[in-house]
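>>> what follows is a predicted protein model with its sequence.
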2 protein chains.
Amino acid sequence: MKVTITGASGFIGQKLARRLLDSNALVASDGSRKPVTELTLLDVVNAPDALTSDARVRSLAGDITDETLLAEAIPGDTDSVFHLAAIVSAGAEEDFDLGMAVNLDATRAILEILRKADGVPKMVFASSCAAFGGDLPHIVEDMTATTPQTSYGTQKAIGELLVSDYSRKGFVDGRSLRFPTVVVRPGKPNKAASTFASSIIREPLQGETAVCPVAGDARMWLASPRSIVENTVHAHNLAADAWGASRTVSLPGFSVTVAGMAKALESVAGPAVAGRIDWTPDPFIEKIVRGWPPEFNTKRAAALGFSQDEGMESVIRAFIEDELGGTIAA
Amino acid sequence: MKVTITGASGFIGQKLARRLLDSNALVASDGSRKPVTELTLLDVVNAPDALTSDARVRSLAGDITDETLLAEAIPGDTDSVFHLAAIVSAGAEEDFDLGMAVNLDATRAILEILRKADGVPKMVFASSCAAFGGDLPHIVEDMTATTPQTSYGTQKAIGELLVSDYSRKGFVDGRSLRFPTVVVRPGKPNKAASTFASSIIREPLQGETAVCPVAGDARMWLASPRSIVENTVHAHNLAADAWGASRTVSLPGFSVTVAGMAKALESVAGPAVAGRIDWTPDPFIEKIVRGWPPEFNTKRAAALGFSQDEGMESVIRAFIEDELGGTIAA
């Protein structure tokens, strides 16, 4: 199979690429498992050598709003696209036009490229729980209206609608996944308003302080990198007719307060580590984060066979294992 | 005030234009009532003489996807736009690209023009109950997810999201109204899958037969031209802060089966008139119509002060009065 990942140099993109290269099989449109023969990685910067050194990998660096580059990244015989590239929440809030260009126009351009491609290629679209917002019920259902309170969330909700309609028309075989906030992300903070949720775990575990810009009672809907990658592959492999009248699903996650995250850190790594969280509120970030839904009912995801994390402590332990080689700065 | 109506030569557009010229006042952004000093009517064909003969009217005919024309129709000092122009349901289903261009791209172009205009102009966007579809609850709430099963409904749901986000950002002061199916429309059938709902009343009252392409047990959500025009003006006149976290509202209507519509016709005009309905199913139309929600809970609209029809019989009587000069072909 010929597969393209957009946003491939990002954290989830790299993990997904690694996973596809290692397992070397995806379920094709005809229902059979087939090897990945070519994996195109598109992002603003090239993917790391650990990925590009694989003979099956084709790495492209550039602007996703460049339609010529996008067409090069998604040739006519592409079987599947994982579309992860995005301008994240605070970034799209700061630069409205850039958010519209990347999050909306590039998504539509990918759908149009796939519409003209051979057969009916699969497309997995990374949406977000930020598609929800405003006056929400305490627990968000798959049939709750998307009334996003950020431009990022708006653009993701629009992408979901386009993916569903292009799929209904038979132009693509799309699936949209509403990602919870992903913790714990390795590396540096990014422009997502949610980036602190990883920072307050990651930095203290490595002996550094991290600012927590929201108060402890703020509740968040989280999932681990392991479950996100697993569920992204699962979404791809499901049969088209499993989806029914909508191609969107809210992925399983777990609901925890920011104080609860700090408490889990203390219970895994001790009070000295948890003491490295610097609780300094930032109203701009706090307003965005509190606009997101704190908890979901993901029975549709469960019925479709998506998997779920155990909870915050096991997620922190997995991060220590996967990213810190088992070592913490106690 | 300087006001523009798109789709102004359509049936609702003409009635709205007449209403604005006659009442000659709208509530401006500052909350005061102001006279309409210039009314621009944009459509593929010019509005009728009865409207264009008014010295305040500026009539433009052309393609709404022509951005030069659109900019001419919406000068920088525009106070309000009523955006009614659309490729209707069956039309957008038959020509996907045309539907995307008119229903999505032109809506976005209007938002961009208003973003660059003086102040924060008002925009009333005609959305549709076709934004809903699929596996719906029996009664649709304002917080029910939009999972449209037509491209028209998809494009309308996307328009709602854009209007809300552009409003949240302070670029425009937008309001999206989910129109029920409007009955009874005068004139000729159009490309809307719902056009029969008017035909089966209008043609029999004038001595002609009309095909009803769906079975009598199909239930529809309807509103009269009178209530649609009244509620469109009301939506415009509401203060921005009345809307809360979403700029969208499902307009009040009434729920009736197609058989119930025929029965109301019989009770208003007699069995000979009702006997002119030719019940010949059309699976293409029936599938679209049955994909729409049959009933809404419009408590948000009620709280915002929108008005409601009495029911099918009074709507038929109003049609006879407004459009047939009180005369029917018994």
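Alright, I've got the coordinates.

>>> quick one: the helix ranked longest in chain A to helix B:151-168, angle?
The helix spanning the most residues in chain A, taking DSSP state H as the definition, is helix A:151-168. Inter-element angle recorded for helix A:151-168 and helix B:151-168: 180 degrees (by axes from the mean of the first three to the mean of the last three C-alpha atoms, to 10 degrees).

>>> next SSE after helix A:151-168?
strand A:173-179 (DSSP states H and E).

>>> from the contact counts, what lies against the helix or strand just after that following strand?
As assigned by DSSP H and E, the chain's next helix or strand after strand A:173-179 is strand A:181-182. When contacts are defined as 3 or more C-beta pairs under 8 Å, 6 or more residues apart in numbering or on different chains; DSSP states H and E, strand A:181-182 sits against strand A:219-223. No exception for glycine: its C-beta is placed from N, CA and C like everyone else's.

>>> now find how far off-centre the strand it packs on is within its chain.
13 Å (C-alpha atoms, centre = their mean, to the nearest Å).

>>> could you list the buried residues of whatever helix or strand comes next after it?
Using DSSP H and E, the helix or strand that follows strand A:219-223 towards the C-terminus is helix A:225-237. By 16 or more other C-beta atoms under 10 Å in any protein chain shown, the buried positions in helix A:225-237 come out as A:225-229, A:231-237.

>>> out of the residues you listed, which one sits closest to A:Ser164?
A:Ala235 (13.7 Å; C-beta to C-beta).

>>> just the strands in the stretch 51-200 of chain A please.
A:57-61, A:80-83, A:122-128, A:173-179, A:181-182 (DSSP state E, counting those that start in this stretch).

>>> returning to what we had before: the longest helix of chain A relative to strand A:122-128, how many degrees between them?
Using the same axes, to 10 degrees: helix A:151-168 against strand A:122-128 is 160 degrees.

>>> how about the residues of the stretch 101-250 of chain A that lie near chain B?
A:133-135, A:137, A:142-149, A:151, A:154, A:157-158, A:161-162, A:164-165, A:168-169, A:244-246, A:248 (C-beta under 8 Å from any C-beta of the partner chain).

>>> apart from its chain neighbours, what residue comes closest to the residue of the stretch 51-200 of chain A found nearest chain B?
Residue nearest to chain B within the stretch 51-200 of chain A: A:Gly134 (3.1 Å; C-beta to the nearest C-beta). In space, A:Gly134 comes closest to B:Ala245 once its chain neighbours are excluded; the distance is 3.1 Å by C-beta to C-beta, 6 or more residues apart in numbering or on different chains.

>>> can you get me a residue count around the one you found?
By other C-beta atoms under 10 Å in any protein chain shown, 14 other residues sit near B:Ala245.

>>> likewise the one 10 residues further on?
Here the count is done by other C-beta under 10 Å, and B:Ser255 has 16 residues near it.

>>> and it, its phi and psi?
Main-chain dihedrals, B:Ser255, degrees, to the nearest 10: phi -100, psi 130.

>>> who's in contact with the nearest residue to it once chain neighbours are set aside?
Nearest residue to B:Ser255, sequence neighbours excluded (C-beta to C-beta, 6+ apart): B:Glu295, at 4.0 Å. Neighbour list for B:Glu295: B:138-140, B:219, B:221, B:255 [criterion: C-beta atoms under 8 Å, 6 or more residues apart in numbering or on different chains].

>>> for the residues you listed, which one is nearest B:Lys15?
Nearest to B:Lys15, judged by C-beta to C-beta, of the contacts of B:Glu295 is B:Trp221 at 20.0 Å.

>>> list the buried residues in stretch A:322-330.
So, applying 16+ other C-beta under 10 Å, buried residues of stretch A:322-330: A:323, A:328.

>>> what of stretch A:13-31?
By neighbour count with 16+ other C-beta under 10 Å, stretch A:13-31 contains the buried residues A:13-17, A:20-21, A:26-29.

>>> quick one: average pLDDT of that stretch?
Averaging pLDDT along stretch A:13-31 gives 94.

>>> got it, and stretch A:240-249?
For stretch A:240-249, the mean pLDDT works out to 95.

>>> same check, this time on stretch A:90-110
Model confidence over stretch A:90-110, given as mean pLDDT, is 96.

>>> which residue does the stretch 201-330 of chain A have closest to chain B?
Taking C-beta to the nearest C-beta, the stretch 201-330 of chain A has A:Ala245 as its residue nearest chain B, at 3.0 Å.

>>> among the buried residues of stretch A:13-31, which ones are in strands?
Counted as lying in strands by DSSP state E, out of those, are A:26-27.

>>> which two in the buried residues of stretch A:13-31 are spaced the farthest apart?
A:Gln14 and A:Ser29 (26.0 Å).

>>> got the contact list for A:Leu21?
A:36, A:39, A:51, A:54, A:56-57.

>>> what do you get for A:Lys191?
Applying C-beta under 8 Å, 6+ apart, the residues contacting A:Lys191 are A:87-91, A:94.

>>> most surrounded residue in the residues you listed?
Highest count within the contacts of A:Lys191 by other C-beta under 10 Å belongs to A:Ser89, 29 neighbours.

>>> look up the closest residue to A:Asp77, ignoring the ones flanking it.
Nearest in space to A:Asp77, with sequence neighbours left out and distances taken as C-beta to C-beta, 6+ apart, is A:Asp118 at 5.4 Å.

>>> that should have said A:Phe132, apologies.
A:Pro293 (4.6 Å).

>>> quick check: of the buried residues of stretch A:13-31, which lies closest to chain B?
Nearest to chain B among these, with distances taken as C-beta to the nearest C-beta, is A:Ser29, at 21.3 Å.

>>> mind checking how far the closest one is from A:Ser59?
Distance, A:Ser29 to A:Ser59, by C-beta to C-beta, to the nearest Å: 26 Å.

>>> angles on the backbone of the residue nearest to A:Gly134, please.
phi -70, psi -10.

>>> mind listing what it touches?
Applying C-beta under 8 Å, 6+ apart, the residues near B:Ala245 are A:133-135, A:147, A:149.

>>> cool, and A:Ala71?
A:Ile113.

>>> state the number of residues packed around the closest residue to A:Pro137 other than its chain neighbours.
Leaving aside its sequence neighbours, A:Pro137 sits nearest to A:Thr144 (C-beta to C-beta, 6+ apart; 6.4 Å). Applying other C-beta under 10 Å, we find 20 residues neighbouring A:Thr144.

>>> doesn't B:Thr146 make contact with A:Thr144?
No. Counting by C-beta atoms under 8 Å, A:Thr144 stays clear of B:Thr146, with 10.7 Å between them.

>>> circling back to that earlier point, can you pull the pLDDT of the residue of the stretch 51-200 of chain A closest to chain B?
87.

>>> report the buried members of the residues of the stretch 101-250 of chain A next to chain B.
A:133-134, A:142-149, A:151, A:154, A:157-158, A:161-162, A:164-165, A:168, A:246, A:248.
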